[in-house]
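Participant: no FASTA, just this:
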């Protein structure tokens with residue numbers, strides 16, 4: 001009778017099976033494990049090592065059969081009991097409705113065990129910084145001399161129970177009666193501004209004795225390093241547009257300066273060069289030196305233009321225009337010579353200034 005290898009092996013162990021049949025079946029089913037010349041003992045040993053057959057075989061089933069229902073251990077029973085208990089609690093909590101008209105017993109029970117943060121007399125609910133300020137303030141009070149630390153703290157707790165920032169208002173720096181207030185000195189309780197300009201913080205100004213006593217300049221003023229300057233900011237910074245008379249005066253002063261400087265520069269005359277001469281010079285002229293000369297002249301020309309702009313700016317000053325133009329030009333010459341050095345060409349400086357002021 002054929003069966004599984006495990007069954008055949010069990011029968012052989014009990015003296016009822018046939019080793020040849022077992023060995024033939026094992027070689028047929030597992031040729032990769034059992035060689036053709038293997039004996040019964042060799043084949044059975046290999047199959048047991050590979051967990052293909054099992055020695056613990058009684059009847060038609062193995063002792064360690066994984067499909068056999070086992071008796072639960074103690075920890076498994078305890079866990080099942082835990083799950084059943086959790087299900088019972090879930091059923092009880094499900095009785096709480098989504099919308100309650102009054103606080104449920106579960107919430108009331110939780111609140112009864114919670115810390116009471118609303119008790120203002122409890123020191124743990126007070127601001128610790130206020131307790132420190134209060135203790136220092138009460139300690140410095142002459143009337144509290146001789147009192148213990150606990151007595152001083154009791155006074156502090158009593159005051160803070162009335163106002164949580166009592167010592168910010170009445171005990172700053174350890175001085176009783178000194179503190180912050182929303183009162184503005186001399187003006188009383190501040191009032192919300194009203195009127196068309198309330199967004200500015202002033203609202204609509206009223207003519208009263210206070211404004212008459214302390215007049216306010218509606219034209220405004222400028223706060224400088226030296227204090228308040230009661231003048232319009234456009235006048236202070238020179239932002240007003242110039243009148244025609246001012247422009248004409250500046251133009252006349254500039255023209256006068258130009259006439260004076262023409263006396264200091266030499267008239268440079270030039271004649272038209274003949275074409276053949278120009279061609280000969282063009283062929284003989286060393287190009288690098290010529291290019292350097294042209295570049296320097298271009299730079300000098302642009303600098304002269306900048307100097308002219310500077311002269312115009314200088315003569316825009318009314319106080320400077322009061323001086324004679326020749327004195328101003330001579331001043332330019334001296335300052336330029338100081339900058340370039342005493343050994344600089346004075347005539348060249350005068351010609352450059354002449355070009356700058358022309």
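Facilitator: Sure, I can see it. Keep in mind it's a predicted model, so treat the numbers as computed, not measured.

Participant: now the strands for the stretch 201-350 of the chain?
Facilitator: For the stretch 201-350 of the chain, the strands defined by DSSP state E, counting those that start in this stretch occupy 222-224, 227-229.

Participant: which is the next helix or strand following the helix or strand containing residue 81?
Facilitator: Element membership for residue 81, per DSSP states H and E: helix 74-93. Following helix 74-93 in sequence order, the next helix or strand is helix 105-112 (DSSP H and E).

Participant: could you say what helices and strands the helix or strand that comes right after that next one packs with?
Facilitator: Counting by DSSP H and E, the next helix or strand C-terminal to helix 105-112 is helix 128-140. On a contact count with 3 or more C-beta pairs under 8 Å, 6 or more residues apart in numbering; DSSP states H and E, helix 128-140 meets helix 149-162, helix 166-170. Backbone N, C-alpha and C define where each C-beta goes, glycine included.

Participant: Count the neighbours of residue 253 for me.
Facilitator: Other residues near residue 253 come to 19 when the count uses other C-beta atoms under 10 Å.

Participant: Quick check: closest non-adjacent residue to it.
Facilitator: Closest residue to residue 253 apart from its sequence neighbours, by C-beta to C-beta, 6 or more residues apart in numbering: residue 321 at 4.4 Å.

Participant: Now do the contacts for the one you found.
Facilitator: Residue 321 makes contact with 249, 250, 253, 315, according to C-beta atoms under 8 Å, 6 or more residues apart in numbering.

Participant: same thing but 10 Å
Facilitator: The contact partners of residue 321, taken as C-beta atoms under 10 Å, 6 or more residues apart in numbering, are 249, 250, 252, 253, 254, 256, 257, 314, 315, 328.

Participant: Out of the helices and strands packed on helix 128-140, the one nearest residue 18 is which?
Facilitator: Across these, residue 18 has its closest neighbour in helix 149-162 (100.5 Å, C-beta to C-beta).

Participant: now for that closest one, which elements pack on it?
Facilitator: In terms of contacts (3 or more C-beta pairs under 10 Å, 6 or more residues apart in numbering; DSSP states H and E), helix 149-162 is packed against helix 128-140, helix 166-170.

Participant: Surely residue 343 touches residue 349?
Facilitator: No: at 11.8 Å, residue 343 does not count as touching residue 349 under the criterion of C-beta atoms under 10 Å.

Participant: on that earlier part again, mean confidence (pLDDT) on the helix holding residue 81, please.
Facilitator: Average pLDDT, helix 74-93: 79.

Participant: what do you get for stretch 157-171?
Facilitator: On average, stretch 157-171 scores 89.

Participant: Show me where the stretch 51-200 of the chain dips below the pLDDT cut-off.
Facilitator: For the stretch 51-200 of the chain, applying pLDDT under 70 flags the ranges 56-73, 90-100, 181-190, 197.

Participant: picking that back up, check the helices and strands packed on helix 128-140 for me and report the most buried one.
Facilitator: helix 166-170 (a mean of 20; mean count of other C-beta atoms under 10 Å).

Participant: helices or strands up against that one?
Facilitator: helix 128-140, helix 149-162.

Participant: got the contact list for the first one?
Facilitator: If you take C-beta under 10 Å, 6+ apart as the criterion, helix 128-140 is touched by 123, 126-127, 144-145, 147, 149, 151-160, 163-168, 170-179.

Participant: between residue 343 and residue 349, which one's more packed in?
Facilitator: Applying other C-beta under 10 Å to residue 343 and residue 349 shows that residue 349 carries more neighbours, namely 18 against 7.

Participant: Do I have it right that that one meets residue 340?
Facilitator: Yes: if you go by C-beta under 10 Å, residue 349 and residue 340 touch, sitting 7.0 Å apart.

Participant: quick one on the thing from earlier: now distance to residue 15 too, for the helices and strands packed on helix 149-162, in JSON lines please.
Facilitator: Formatted as JSON lines, these follow (distance: least, C-beta to C-beta, whole Å):
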{"stretch": "helix 128-140", "distance to residue 15": "92"}
{"stretch": "helix 166-170", "distance to residue 15": "103"}
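
Participant: Show me which of those helices has the highest average neighbour count.
Facilitator: helix 166-170 (a mean of 20).

Participant: what separates that one from the chain centre, distance-wise?
Facilitator: Counting by C-alpha atoms, centre = their mean, to the nearest Å, helix 166-170 is centred 35 Å from the centre of its parent chain.

Participant: before we move on, what about stretch 278-292?
Facilitator: 64 Å.

Participant: With stretch 27-34 instead?
Facilitator: 76 Å.

Participant: What average pLDDT does stretch 9-19 get?
Facilitator: 84.
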